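Student: return atomic coordinates for the entry below.
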Amino acid sequence: MKKPTASAASGSADSNLMPDSKLRKSYPQVSDYLTMTKWDDGTARTPSTVTLFVEGGVLKAALNDREMKRSLYVTSMSLEGAIGLLEEALATDTADWRLWSGGSKKK
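Tutor: Prediction:
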């Protein structure tokens with residue numbers, strides 16, 4: 001995974017972290033964020049997490065980039081739609097990251 005702005009990842013993934021090969025094939029960018037344990041330069045990377053919640057009758061998903069202390073939020077009527085929106089934002093480099101308190105300003 002390129003550090004931290006590239007939309008395509010090329011780092012090392014721990015295959016134990018993504019047991020669902022269909023998910024990996026359908027959503028490679030999201031999968032990379034969730035499984036890559038090294039940056040493209042070989043340095044260690046903390047994998048991201050996804051938080052799901054319902055608010056106002058819609059499903060919301062947050063991709064939490066623990067390494068860069070930022071989150072990407074999307075809203076959808078379905079889980080598949082939310083993951084697809086995360087994938088699209090990452091793949092097209094249109095992600096609107098929200099920094100955590102004290103997070104890096106790098107995008």
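Student: pLDDT wise, what is residue 9 at?
Tutor: At residue 9, the pLDDT value in this model is 46.
Student: roughly how far out does the helix of greatest length in the chain sit from the chain middle?
Tutor: Ordering each helix of the chain by length in residues (DSSP state H) puts helix 79-91 first. Mean-position distance between helix 79-91 and its chain equals 9 Å (C-alpha atoms, centre = their mean, to the nearest Å).
Student: all helices of this protein, in order?
Tutor: 21-26, 28-35, 79-91.
Student: JSON lines please, covering those and showing mean neighbour count.
Tutor: (Each C-beta comes from the backbone N, C-alpha and C, glycine too.) Output for the helices of the chain, formatted as JSON lines (neighbours: other C-beta atoms under 10 Å):
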{"stretch": "helix 21-26", "mean neighbour count": "12"}
{"stretch": "helix 28-35", "mean neighbour count": "21"}
{"stretch": "helix 79-91", "mean neighbour count": "18"}
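Student: residue 101: which of those helices is closest?
Tutor: Nearest to residue 101, of all the helices of the chain, is helix 28-35, at 20.9 Å by C-beta to C-beta.
Student: where does the chain have low pLDDT?
Tutor: Applying pLDDT under 70 to the chain flags residues 1-19, 102-107.
Student: residue boundaries of the strands in it?
Tutor: Along the chain, counting by DSSP state E, strands occupy 49-55, 58-65, 70-76, 98-99.
Student: helices or strands up against the longest helix of the chain?
Tutor: Helices and strands touching helix 79-91, by 3 or more C-beta pairs under 8 Å, 6 or more residues apart in numbering; DSSP states H and E, are helix 28-35, strand 49-55, strand 58-65, strand 70-76.
Student: can you tell me which of these is most buried?
Tutor: Compared across the helices and strands packed on helix 79-91, helix 28-35 shows the largest average neighbour count, a mean of 21 (mean count of other C-beta atoms under 10 Å).
Student: what's the angle from that helix to strand 49-55?
Tutor: Here helix 28-35 points in a direction 110 degrees away from that of strand 49-55 (axes from the mean of the first three to the mean of the last three C-alpha atoms, to 10 degrees).
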